Structure formats: structure tokens, C-alpha cells
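Enquirer: Test case, fold it:
(2 chains)
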Amino acid sequence: MKNNNKIIENKYELLVEKNPDCIKLFDLKGNLTYINKGGLKEHRLKNLKQALENNWNIKDTIIDDDKKIFDQAIKDAKNGKVSIIEFNHTHKGSVNETCSELIAPIRESDGSISQIIGISRDISELKRIQRALQENESRLNAIVENIGDAVVVVNKDGKITTFNKQASNISGFKRGEVLGKKYHDIIKFIIGEDKKMKEDFVKTTMRCGKIANIPNMAELACKNKLNKPVDGTASPFKDEKNKIAGCVVVFRDVTKEREVSRMKTEFVSITSHQLRTPLSGIKWFSELLLEEKIGTLNEKQKKFVRQIYNDNNRLIALVKDLLNVSKIESGKKFKIKKKPTSLKNIIDSAIKEIEPLSKEADVQIKRIETDADNIAINIDKEKIGQVVYHLINNATKFSKPKGEIKIKAEKSDDSVIISVKDNGIGIPKKQQKYVFDKFFRASNVPIESAGTGLGLYISKTIIENHGGKIWLESKENKGTTFYISLPINTKTK
Amino acid sequence: MSKKILVIEDDSILQDALREALEIEGFTVLQALEGITGKKMVKEIQPDLIILDLILPGEDGYHFLCDLNEDEKTKNIPIIVLTVVESETSSEECKAYGAVDYLVKSENTIQDILKKVKTYAK
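Expert: All right, here's what the predicted structure looks like:
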């Protein structure tokens, strides 16, 4: 019996006295009859005796507005009901606290209610965090709602969960019409003359977990059946298990930007065409002078006229490149006419064309023939020829006298890789990533060797339009190798 | 008798360069600065070959090509288009209207042009 009592005392000690929550007992009139240590601490009381002697009443600490809630819970407990209530209370000289309290009846063995138990906990911090979270959420909602870009959130099932005001403005769809619907039934981005998107970039983002840009020159198919030029991104977001939980698609109306871009492109195109007429005049007259059929020139005159002729050719090349760039930027891809072609003739012709320049530069071009030269691949002979010529021309320009250029085509899986390797000045490592940018010129290129800075940009576009890739390896003062890979099996366009 | 070449080109400086080069090679050069005059001259002189610019004041080179192609009397006169327009679509269109060749001015030397003239002005 003694042992049993001891066990009960221990349990009581653990469950009640050492419990950090405030545990109180009330008589049926609501007067306090017991409070545990947690309660004494919470209510800044020294001991139970002090509380009882001073007729301490918990209700006195509850703020007036919440007193009714407490009274109702006591009333309900008397009627056998259990309530969980929240109220605010103050202590003398202390700040407001929010409590969550369970108020329940205690029944005797005959079922009658003799006392009421109240177990409360200070939830002020929890409430503060909840408020902060709510404020944060409201702030974020306000930002998303009022941001100048359209924001559409898609969950992992592909359903739209957020559709902000701007998304409605651009697309013409109301939020109510789209929430919960599959995004691909609503958000349709289209591109090109056939108005088809090659790849669903939202799907790609969800699959790969990487940010994807809306393809260049894309348009959004709006509710009113009209299309609006848009630009933007799709970014994945992850859940707590680090799995892709959805995707945020952000886009904006770029009608004005496209119009400005179109005007710029048109301006470049018109100006370039206008420039071609006087450039042709300079070309032809200097050629007539150099041929000396209308009179002989002395050596100095000849040298100067040749200079005019050569510089004019550089200008002609620049105009040609600018026109190509304006074609690329207007979204009109290069018209690629693919035909099964072997690389042999393409490489040989490019080398033949470059020979006068390579001889003048004292650079040897070494052609390494392989079986890959004769594989028929589906390419635009002229365009690929233009790229190969450009790479060999660059290699020649940036080689030192007695330098060597090696050109080779090799088969690799489903592609043919053409490499143009030189042992010239190389490209500084930090600048290599900018090589395919418009107007790029490496810092170690002498001004007299500089080209238009557009050739590699155009080459990249041509190769990518063939479904291929272009890349390089380079070491400053050791040389550069450019690689082009072209798929062997592509459908003829 | 030397071959008659009609050059239809609105830029007088380019006209001068072409005339100079063609005359050195022994051709007789006739010039028109726009298409309508060019068409009249075609009927009057029946040239052996026409060098035609596309962007011309008034009626453009495409109309010129089309009209000559529809007329039995002029249909067989070889026409070399010499233009600043570098476009495969334009080239295809001109060839469909009967042009024998399509040359982009700044991409071709005088020698390139003469070579073509000699080939077609038989």
C-alpha cells in the first residue's frame, strides 16, 4: 500500500507538479482550490497559500473583453462540457499574454461534477509567429498581386494555383476561370510561323528543376484569340523533401519592346542595304584602277588603292554580318535548305578560298582526311561552308607566322564533329565564355586582325539552326580549337 | 559587231563603273536609270543582255522582269539581276521570272560580273 502511494505520488509529481503548463483546480463557483508550480510561475505567485489567502482570482488577470469566454467555459464545465479557449490576460506591470486553456469537469465516482480543472499554456510566442507569418503572407500576396509582371503558379499536377492581376490583364482570363485548371489548357505560348512551341518549357522546368526562359519571340495566345508578345521565365520550386513541387511562370507583355526591336532591325536592314550601293562603287572603281586597264599606277598609288579595296571589303563584310544579325534578331531564322551533303567539298572549298590569305600570313593549313568526310549529312551546304570558312579564316588571322592549322572531321555517335585547330595567340580564359557574343573581340587581338565581331555569333546561330553545337578549347599563346558537331540523322526541312 | 548590253541602274556612279568595265571588254553599253525607260529601250534596241537592278524609282525590277518574260519578243533576252538585296527568296523569284543569274552587288567583283556577261551574252 505504501509502495502504491509512492508510485501515485511520483506520477502526480511528474504529471502535475513538474508540468510546465499551468494546471489549476476550481470549485464549482469558479474559485481556485489548487495551482501547480508551472501556474505559480506563470502568474508570478509565491505559493498556493499566498494565492488562496489573498483571494487571488484568475479572472482578475483576464482582460475585460475575454472574461466572458472564461465564464462561459466554466459554465460549460459545470454542465459536463470540455472547452478549449483562448484569452488574453495581464499581470501587474507585465505585458499581455495569450493563453490557450482546456477547461474540463472533474467527476466523482458517482458521476457528479465536484471540481473543474483548467490546464493553460502561454501561447503568446506562437501567436506572435502566427501573426508574423500572416503578415508575411499578406505582404507576399500583395506583392504578387500588384507586381507589374504576370505571375502564374502551377503545382506538381500541372494545375494553376496562383494567377495574379497582371496575368489576367495580359491573358484576358479571369482568376476564377483558371484556378484549379490545367495550365496547358489556359497558358499557351506560341512561336514562329506555324505558331507551335517546339517544347513545353514549363514541363521542362518541372522535369529538370532548372529555370527556363520563354523562347525568344514567343507570344501568348490570349482569351480573345489574339496573340501578345511576351517574355519571361519558368522557375521550379521544391517541397520540404527537396522534390519539385511546382513552377512559377513569370511573364510580361513586351509588345512595345518588340516594336522598338523591329524598328531597330528594320533600320539596320535599310541602312545596310543603302550602304551596299556606295560600297559596291568603291569596290568596282578600285578594282578597275588596280587592273590598270585605264592607266598604270605607280607602286605607291597601287599600294594605296589596294588598301582602299581591302578596307572596303572589310566594310562590305561588316554590312553583310549586320544584315545577318538583323535577320536573326527579327526572329527570322536563316533560311536553311538542307540536303544530304558530305563535308569533303565544303572543307576543301573553304580551304581553297582561304589559301591566298594563309600564304600571305605564312600559315600552313593541314587537312586531315577521314571517313567522316564522306558521310552524307543533312545540311545547308552554303551556310555550313560559311561557318567552316569563318573558323579557318579566324584561325589564319590569329596564327603566328609559321603557324599550323589542322582541320578534321570525325564521326562521334550520331554526329560528325569538325575541328579547326590552330597554334596561334589563343583566347584568354576569362574571355572564352563571351566568344559567341555579338561584337566580342578578345583583348589580345591586334586591331589590324580584328573582324566584325559578328562571325562567331552568326556561326553559332547557323549551327544551332541545324540542331548542332559549336564550342571551343583554347589556351592563351598555345592556340585554339573550335569544334562544330552536326547531327547525322535529321529530317530534311 | 559588238554585243549590246543594257544596264538598268538608278545609281549613276555604279552605271559609270559598269560602263567603263564593259566598254573595255568591247561591249556597247546602253544605260537607263529606271525601268519604264529601260523597257522602251529594250523594244527599240533589242539588247543582247540586260543587267538589271531591282530597287528602282517607279516600277521596280520585279515588274520589269515579269513584263519582259510575258512578251514573246523579249522573253529570250538574258537578264542578270545585279542588286543589293541578298535574299534567297528574291533570287528564286527573279529566276522564276526568267532572270538567268542573280548577283549581289557588293559580293561580286567587276571581273565576276564580266565573266557572267560573257557567259550569257552569246
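
Enquirer: hey, let's count contacts and neighbours off CA atoms from now on
Expert: OK.

Enquirer: neighbours of A:M217, just the number please.
Expert: Neighbours of A:M217 under the rule other CA atoms under 10 Å in any protein chain shown: 17.

Enquirer: now swap in A:I418 and tell me
Expert: Using other CA under 10 Å, A:I418 has 22 neighbouring residues.

Enquirer: and it, what does it touch?
Expert: The contact partners of A:I418, by CA atoms under 8 Å, 6 or more residues apart in numbering or on different chains, come to A:I407, A:K408, A:A409, A:E410, A:Y483, A:I484, A:S485.

Enquirer: let's see 6 Å
Expert: A:K408, A:A409, A:Y483, A:I484 (CA atoms under 6 Å, 6 or more residues apart in numbering or on different chains).

Enquirer: ok, and the closest non-adjacent residue to the second one?
Expert: This points to A:A409. A:I418 (4.2 Å; CA to CA, 6 or more residues apart in numbering or on different chains).

Enquirer: ok, of the contacts of A:I418, which one's closest to A:T161?
Expert: Nearest to A:T161 out of these is A:I484 (CA to CA; 43.6 Å).

Enquirer: Is it correct that that closest one is in contact with A:L472?
Expert: No: with contact defined as CA atoms under 6 Å, A:I484 and A:L472 do not form a contacting pair (8.8 Å).

Enquirer: Look at these two and report which has more neighbours.
Expert: Between A:I484 and A:L472, counting by other CA under 10 Å, A:I484 is the more crowded of the two (24 against 16).

Enquirer: re the thing from before, mind listing the residues bridging to the residue nearest to A:A409?
Expert: A:A409, A:I484 (DSSP bridges).

Enquirer: tell me which element A:T265 falls in.
Expert: A:T265 belongs to helix A:255-291 when elements are defined using DSSP states H and E.

Enquirer: tell me which residues of that helix are tucked away?
Expert: A:258, A:262, A:265-266, A:268-269, A:272-273, A:275-277, A:279-290 (16 or more other CA atoms under 10 Å in any protein chain shown).

Enquirer: Those also near chain B: which ones?
Expert: A:H273, A:S280, A:G281, A:W284 (CA under 6 Å from any CA of the partner chain).

Enquirer: where exactly do the helices run in chain A?
Expert: Listed in chain order, the helices of chain A (DSSP state H) span A:2-12, A:37-42, A:48-53, A:64-78, A:124-146, A:165-171, A:175-178, A:183-186, A:201-208, A:255-291, A:299-329, A:343-360, A:381-397, A:455-465.

Enquirer: want to try CSV for these, with distance to B:I110 and mean pLDDT as columns?
Expert: Below are the helices of chain A laid out as CSV (distance: least, CA to CA, whole Å; pLDDT from 0 to 100):
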stretch, distance to B:I110, mean pLDDT
helix A:2-12, 110, 74
helix A:37-42, 102, 85
helix A:48-53, 115, 79
helix A:64-78, 100, 89
helix A:124-146, 64, 92
helix A:165-171, 55, 94
helix A:175-178, 65, 92
helix A:183-186, 58, 86
helix A:201-208, 51, 82
helix A:255-291, 6, 88
helix A:299-329, 12, 88
helix A:343-360, 18, 89
helix A:381-397, 22, 91
helix A:455-465, 26, 91
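
Enquirer: just to revisit the earlier point, per-residue confidence for the residue nearest to A:A409?
Expert: We have a pLDDT of 94 for A:I418.

Enquirer: Could you report the distance from it to A:K366?
Expert: Computed as CA to CA, to the nearest Å, the A:I418 to A:K366 distance reads 14 Å.

Enquirer: now swap in B:D101 and tell me
Expert: Computed as CA to CA, the B:D101 to A:K366 distance reads 35 Å.

Enquirer: ok, residue 67 - how many residues close by?
Expert: No chain was given, so I picked chain A. By other CA under 10 Å, neighbour count at A:K67 equals 17.

Enquirer: if you could check chain B rather than the one you did, that'd help
Expert: 14.

Enquirer: cool, the one 10 residues further on as well?
Expert: B:I77 has 20 neighbouring residues, counting by other CA under 10 Å.

Enquirer: Helix or strand: which one has it?
Expert: Applying DSSP H and E, one finds B:I77 in no helix or strand.

Enquirer: OK, contacts around it?
Expert: Contacts of B:I77 (CA under 6 Å, 6+ apart): B:L49.
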